[in-house]
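Trainee: Have a look at this prediction, sequence included:
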Amino acid sequence: MQPAHQILKTTFGYNEFRHNQADIIQSLLDGQDAFTLMPTGGGKSLCYQIPALVRDGVGVVISPLIALMQDQVNALRQLGIQAAFLNSTLDQASQQQIEQSLLDGALDLIYIAPERLMTERMLSLLDQTRVALFAIDEAHCVSQWGHDFRKEYQQLSILHERYPDVPRIALTATADRRTRAEIITQLNLQQATVFLNSFDRPNIHYAVSEGQNAKEQLWRFIQREHPQDAGIIYCLSRKKTESIARWLAGKGRLALPYHAGLPSEVRQRHQERFLREEGVIIVATIAFGMGIDKPDVRFVAHLNLPKSIEAYYQETGRAGRDGEPANAWMAYGLQDVITLRQMMQEGDANEQFKRIALQKLEAMLGLCELISCRRQALLAYFDETLAAPCGNCDNCTRPPRTWDGSVAAQKALSTIYRTNQRFGVNYIIDVLVGKDDERIRKNRHDQISTYGIGDEHTGAEWRSIFRQLIAQGYLSVDVDGYGALKLTEKCRPLLRGEQRLELRKMARPEKIKKEKRAQKQQELRTIDTPLFEALRALRLSLAQEQGVPPYVIFHDTTLAEMARTRPATPDAMRYISGVGEQKLKHYGRQFLQEIAKHPLPELLDNHLSDTINETLALHQQGKDAEAIAQQRGLKPATIYIHLAEAVAAGCLSARDALPLDDAQYAEIVNAIELLGTEEDGSLKSLYEALDEQYDYGVLRCLLAGCQINP
C-alpha cells in the first residue's frame, strides 16, 4: 500500500484515507473484485483512480453521463494524470488521437459510456490494451427497480467473461437491499468483496414542508438560508422548471432551467454556467444531476415529491459534497401523491414493477409524514441503524405539534363512504364544510348526515388531513376513477372507534429572518474573510483562463484552510489538505503571493483560540463588549472572558478593553491592591467590596491586567 499512500499525498494532496478506501484499494491491488457502496462526497473516485495509477495499464471507467466524464477528466489533468474520455462530444480526429494514446499505453485512465464500451470496435481496442482495472460507476443503473435504470449496464457482465484476470469494482451511493442484490447478480460479482459504508450524510439538514404556497415557502427558504449560494431545485414537469426559473430570475437570482426537452446546446451551456459560476441555481427535472461533481452545492430543493427514497437520497446527496453544512428542503402536497400514483398505474410496465414502484412511493410518503427523526427513518430504509435522533432535521430541531385526529378522520372516512367512494378530495371537503354548491345539491349530498359536519377545519386543514390519511394507507386513490378516494381495509378499526389516530398539525409559515452569510464564511474568523474572498477571486480568474470549473483548481474547504493558516512558504502550503505536488507547482506561487497581501494585524498574530481572536477582531473595529456579544450571538459575560484572556496574554491592555473612565478605573485598581485580589484571584470579594456595581467580566479583565503588570 505504500505506493498508494504516496499517490494519495503527493498527487491528490490528502494525508489519510477515509471510510473503507484503504481496504477497497488493497482488494483491487490484489487483483480481487469489489462492490462498494459509499455516500456521495465520500471519496468513491479515489477507490479506483489510485489503483489504476499503481497497477500496470489503463483504468477503464464506465460512466453513464458525459458531464461526469468531463468533470473527472478535467480534475485529473489538473493533477498531472493522463486521463481522457471517449464520447459523442469529440470530433473524429480527437477520437482517433485518444484511441491511439490508448493503444500506445499513454493513458492512466479512460472514461467510456456503457453504450460505446459494448461495441465490438471498443472491445477490440481493449483487447490490444493492457487494462489495469474496470470501474463501473453509478452501478445502481443496472437495477430495473432503480430510479436511473440503463439497460446497457446489464450487458457489463461480459467484462468478467472477456477479461477474467482484470479486477472490477462497482460503485454506487444509492442502493437498498434489493438493488444491491441485483447489482451483484447482473454484473456477476458473486466473488467480489462487498464494502458497505454508512449512508449517513451528517452535514445535510433534512426538512419537509406542506405544499401550501410552495413557491413562497421556497423563496423564504432561499432568502433565509442561501441568499447567495448555488443550489438545485427539482420539479416534476418540464414546464414547471421553466416557470420557476423565470420566477426566481424575476426576483433577482441567477436561475436556469434544465430538462431533456431543451436543445442539447442549451443544456450544455446551462450546466457549464452552473459548474463554473458562483451562486447559480439550476431548476431541473431528474434529467439533471447524476455525476455532477460540484462540491459547493449548498442546497437541494424539491417542489414535488420524489418517486422513491432512493431517488430522494440520490438527489439530495448532490448538496454538500465538500462536507460543509447543506440543506435538503422539500415541499409536497396531496396533488403530488395523486399525480405520481396515476403516472405509475397508467404506465406500460408489468404488474410486478408497478407493485414495487408503489411500495417505494409509500415509503417516501411515510418519510414525509413522519413525526420523529427523519435521518433515523432514512437510514433505516437502507438497513442502517442510527442509535439516537440526529439533531439535524426539521423534526429534531422543530418537533412537529400533533393532535388527536381520530374524530376528524372518522368524519372524512364516513363522508367518502356516504358519497359512494366516487369523488375526489375537493368535492369531499366541500361536503364536509357544508359548501352551498349546485353539484352537491344535485347529488343530494346536502342531505347526508356528514354534510357540514367538518366546518371546524379550514379547507387547507382538511387537505392536510386527507394527505396524511392517504400517506398512512387509510385511503387509496382510484386512478381509473379520476382520482376518487376509496376506503382501504385498514380504515375499519378507525371508523369503528377502536383505534386512535395521531396527526401532524399544520405548520405556520416562518418569517424571513435577517439574511445569513454563506455558511462557509461563518466558519471563518471575521479577520480571515477578506483573504478567503481574495483567494476565491484568484481561483475564479485562473479557472476562466483555463476553461474549467473553479473547484477543479481548489475546493472552498482548501481555500478556507489557507485563509485560516496563512502559509508563507511552499513547504507550509504542502500541508494543507487538497494541495498536492502538481497543484503546488502550478498554483502555489500565485496563491502565496495573494496570502502575503493580507498579513494578520499584530493584535491577532497570537496563539489564542479562534473564538477569542474573532472577538479581538471585532474589538479592533471599535465595538464594545455589548455590541460584540449581539453580533456573535453570545452573552456579554463570554465576551469579557475572551477579553480577559487577551489581556492575560499581553495582546491587549485592560484600560483599552473596558468602557471605564479614569475614576472608575482607579477605583477598581485600588480595590484590587487593597484586597490583594491579584494574588488569590478572588472575584467575589472584589465584586462585593465595590458594592456590586461592576460586572464580573469587567473585574476579570482588570484583574488579568494587574496580574501581568503588578
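Mentor: Done, it's in.
Trainee: Okay, helices next: where are they in the stretch 601-710 of the chain?
Mentor: Taking DSSP state H, counting those that start in this stretch, the helices of the stretch 601-710 of the chain run over residues 610-620, 625-632, 636-648, 654-657, 662-675, 677-680, 683-689, 696-708.
Trainee: Below-threshold pLDDT in the stretch 351-500 of the chain: ranges please.
Mentor: Applying pLDDT under 70 to the stretch 351-500 of the chain picks out residues 479-482.
Trainee: Next, name the residue at the spatial heart of the protein.
Mentor: Nearest to the mean C-alpha position of the chain, by CA atoms, centre = their mean, lies Ala319 at 2.6 Å.
Trainee: Look up phi and psi at it.
Mentor: phi -90, psi 140 (degrees, to the nearest 10).
Trainee: separation between it and Tyr312?
Mentor: With distances taken as CB to CB, to the nearest Å, Ala319 is found 12 Å from Tyr312. Placement of C-beta: from N, CA and C, glycine included.
Trainee: hang on, the earlier thing: mean pLDDT lowest where, among the helices of the stretch 601-710 of the chain?
Mentor: Of all the helices of the stretch 601-710 of the chain, helix 677-680 carries the lowest average pLDDT, namely a mean of 52.
Trainee: Asp33: what's it in contact with?
Mentor: Applying CB atoms under 8 Å, 6 or more residues apart in numbering to Asp33 gives the contacts Ser27, His160, Pro167, Arg168, Ile169, Leu189, Gln191, Ala192, Thr193.
Trainee: ok, now with 7 Å
Mentor: Counting by CB atoms under 7 Å, 6 or more residues apart in numbering, Asp33 makes contact with Pro167, Arg168, Leu189, Gln191, Ala192.
Trainee: any idea which of these has the most stuff around it?
Mentor: With neighbours defined as other CB atoms under 10 Å, the most crowded of those is Arg168; it has 25 neighbours.
Trainee: Nearest residue to the residue nearest to the centre of the chain in space, ignoring adjacent ones along the chain?
Mentor: Computed as CB to CB, 6 or more residues apart in numbering, the closest residue to Ala319 that is not its neighbour in sequence is Ala326, at 3.8 Å.
Trainee: before we move on, what about His607?
Mentor: Ala649 (7.7 Å).
Trainee: for Asp336, same thing?
Mentor: Leu305 (3.9 Å).
Trainee: Look at that neighbour and tell me its secondary structure.
Mentor: coil (DSSP: H, G, I helix; E, B strand; the rest coil).
Trainee: check contacts around it.
Mentor: Tyr332, Asp336, Val337, Leu340, Met364.
Trainee: Could you check how far it is from Glu315?
Mentor: Taken as CB to CB, the span from Leu305 to Glu315 is 12 Å.
Trainee: Then Ala543?
Mentor: 26 Å.
Trainee: neighbour-wise, which of the two wins?
Mentor: Each of Ala543 and Glu315 has its neighbours counted (other CB under 10 Å); Glu315 has more, 25 against 19.
Trainee: In a helix, the more buried one, correct?
Mentor: Yes: secondary structure of Glu315 (three-state DSSP): part of a helix.
Trainee: Could I get the pLDDT score of it?
Mentor: Glu315 is given a pLDDT of 90.
Trainee: Equivalent analysis for Leu8, please.
Mentor: So Leu8 comes in at 89 (pLDDT).
Trainee: Could you double-check that it sits in contact with Ile50?
Mentor: Yes: in terms of CB atoms under 7 Å, Leu8 counts as a neighbour of Ile50; the distance is 6.5 Å.
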